[in-house]
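Q: any chance you can model this:
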Amino acid sequence: MKIFVFISILVLATIVRFVYLDKAPAGLFYDEIDLGYQVRSLLTTGRDYRGENSPLFFRSFNTDKTPLPILFSAVTSSFFGSREYQVRSGAAIAGIISVFLAMVLAYQLTRMRFVSAVVGLVFAFSPWQIQFSRIAFETIFMLMTFLATIVTFWYWRESKRTWVFLLSGILLGLNVYTYRPMSLFAPLMTLSIFVIYFREIWAKGIILVAIWSVLIAGTMFPFLYATTLVSTDQPRINQISIYSNKRIPIMVLRNREIDSNDFANPQIGKSAVRSSFFFHNKGLSYLVDFSRNYVKSFSFDFLLVNGDPNGRHSPDKTGELVFLDVVGLIAGLVVFEKRIKEKNYQFLLALLLLSPIPAALTVDGADHASRLMIMSGPLLVIIGLGYASLWQWFSKNNKYIIWGIGLIAVWVIGVVFYLHRYFIHYPIESSRQFGYGYKQAIEKINQQKNQYQKIRLTTANDPPMLYYLYWSDVHPNEIINLTLDKIKPFSIEERLCLGKEIEKLDPKSLYLVSFSDLPLDFRYPDRDKVPVGIKLLDLVKYPDNEVAYYLITRDMDDAGDKVPPDKTNSCK
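A: Residues are numbered from 1 along each chain as shown. Next comes the predicted model:
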């Protein structure tokens, strides 16, 4: 019976993560396409699609990718025929494994199967977990590896087996190969282990501890060196860092001017008062930015109300947790306060407090659900522990049992409302942010591309070439030989409803343009007319029936039911 409960939780987690995986979210985003094409290249050529073969990273068009998500997805993708399932199945399975690992971790922490089951349910239906278990982003692979590291290390504490101890060192190092925030957090986690479990580790003897340390460093540091100090991604790292905030130096100077009263008595070359250097400096300003990001990561707004403002990371106006989880969190913190002398509780609390640091060092990291995914691990364990302790208290006091049943009912209602929002509303609301329309448009292009000498793909939305390569089944070996004069991106300086832009079109070329390029509605006869000089070949609509893309070419005939470009609605 007990095994049945745990199997049931995993089955529920599997259903929630796999059902309609090709439709919710609608469309594969650029990063997912990138992973899918890397998997295809790995399975067919043994290399990344740039033709390189490094154990440390996969080189993409725009950045270097961590290898473990791609390697894991390469194993799972072969079991599915649907392109969307091939790309996302790895993340979904990683999410299910995370639920299992969370239950194991909860049992290691409390030695209570009931608590383990409650934690499993919290993970299985967490909006935060569901969101990133259904998109092929790196973050869920990071959480899976992170939880596996804790479970393995705690298993060593129980078993005292040497091979488990060494395995935990390897896993600590492998964390950095999952997602970039782990490049900072994995060393912090290693340091926490050393501090909290120092005596137990040192008891293994200096030789074994040295081997364990070498395994950690030998696994971790090659990746850190290759992806930071000598990485082609350095501009990207600098771009998202809080130190890239150009407003800070300007505000420092402006505040110093205010201290010097320069506005009332402007003088060329006037020096700031000495106290200004103490109150207004870049170091203090960066620290304030970091502190603001860190505190906001624990905010009511982010966790329970609005979540991540990025529609790819969270449905609109939806917190990262079920709203009632605030009750479980408070109860869980009470339990932790009572058992804080136990090392495992200290360790989990340390991980929770350290987890926002990597995200807080980035410009938009305060409510970036993907970079803050590390935080969800210890946080959801605490919430599950709190719910379990509340139910145990209610069940021991029969007169309050109705409150326990009510608590369960409210939580279930919250989950049901979230699932309704996710599966019904979210595919429509987020379609633009998930690259919807590229697949449909490229399928239409492939049906008629032989009729044209050139194909031009708009850059108005995501970079289009990778979408074309993936959905057109271009073999990775053919990228080098792909004639870019035949197929390449293009941008429009002004709207295509202007005559001077239409004249630039080539009648021997097929153009994929977005609605922002050509903001006219050709869906129905009573809407806008096609401007003279444009031949409308086809259109692609978003799930909400709005125009996504047009397939057009230059019309040299200029006949039919058309209007001059300057007479169209958008050009008046």
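Q: surely Tyr452 and Leu505 touch.
A: No: using CB atoms under 8 Å, Tyr452 is not in contact with Leu505, being 11.7 Å away. From N, CA and C alone the C-beta is placed, and that goes for glycine too.
Q: shared neighbours, those two?
A: Counting by CB atoms under 8 Å, 6 or more residues apart in numbering, the residues touching both Tyr452 and Leu505 are Thr553.
Q: look at those two and report which has more neighbours.
A: Leu505 (21 against 18; other CB atoms under 10 Å).
Q: just the pLDDT for the more buried one.
A: pLDDT recorded at Leu505 is 90.
Q: who are the contact partners of it?
A: 496, 511, 533-534, 552-554.
Q: wait, a helix at Met220?
A: Yes: the assignment for Met220 is a helix, going by DSSP: H, G, I helix; E, B strand; the rest coil.
Q: distance of the closest residue to Leu304 other than its chain neighbours from Leu12?
A: Among residues not flanking Leu304 along the chain, Gly319 sits closest, at 4.1 Å (CB to CB, 6 or more residues apart in numbering). Separation of Gly319 from Leu12 (CB to CB, to the nearest Å): 21 Å.
Q: between these two, which is the more surrounded one?
A: Legend: neighbour count by other CB under 10 Å for Gly319 and Leu12, higher for Gly319 (24 against 15).
Q: torsion angles phi and psi at that one?
A: Backbone torsions of Gly319, given as degrees, to the nearest 10, read phi -70, psi 170.
Q: what residues sit buried inside the strand or helix carrying Phe347?
A: Using DSSP states H and E, Phe347 sits within helix 343-354. Counting neighbours by 16 or more other CB atoms under 10 Å, one finds that the buried residues in helix 343-354 are 344-352, 354.
Q: ditto for stretch 111-128
A: 115-128.
Q: tell me the one of the contacts of Leu505 nearest Gly36?
A: When the contacts of Leu505 are ranked by distance to Gly36 (CB to CB), Tyr511 comes first, at 25.6 Å.
Q: neighbours of the closest one, how many?
A: So Tyr511, with other CB under 10 Å, has 27 neighbours.
Q: how close does it get to Leu537?
A: 9 Å.
Q: anything in contact with each of those two?
A: By CB under 8 Å, 6+ apart, the residues touching both Tyr511 and Leu537 are 551-553.
Q: and these, which are buried?
A: 551-553.
Q: could those residues go into a markdown table alongside secondary structure and distance to Ile487?
A: Formatted as a markdown table, these follow (DSSP: H, G, I helix; E, B strand; the rest coil; distance: CB to CB, whole Å):
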| residue | secondary structure | distance to Ile487 |
| --- | --- | --- |
| Leu551 | strand | 14 |
| Ile552 | strand | 16 |
| Thr553 | strand | 15 |
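Q: tabulate those residues (TSV), appending pLDDT.
A: Formatted as TSV, those follow (pLDDT from 0 to 100):
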residue	pLDDT
Leu551	96
Ile552	94
Thr553	94
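Q: closest to Ile374 out of those?
A: Leu551 (43.5 Å).
Q: show me the contacts for the closest one.
A: Neighbours of Leu551 in contact, by CB under 8 Å, 6+ apart: 441, 444-445, 510-512, 536-540.
Q: now, which of these lie within helices?
A: Under the assignment DSSP state H, the contacts of Leu551 contribute 441, 444-445 to helices.
Q: closest one to Ile196 out of those, please.
A: Looking across the ones in helices among the contacts of Leu551 and measuring by CB to CB, the closest to Ile196 is Ala441, at 54.0 Å.
Q: how close does the closest one sit to Asp538?
A: Taken as CB to CB, the span from Ala441 to Asp538 is 8 Å.
Q: of the two, which one has the most company?
A: Ala441 (26 against 16).
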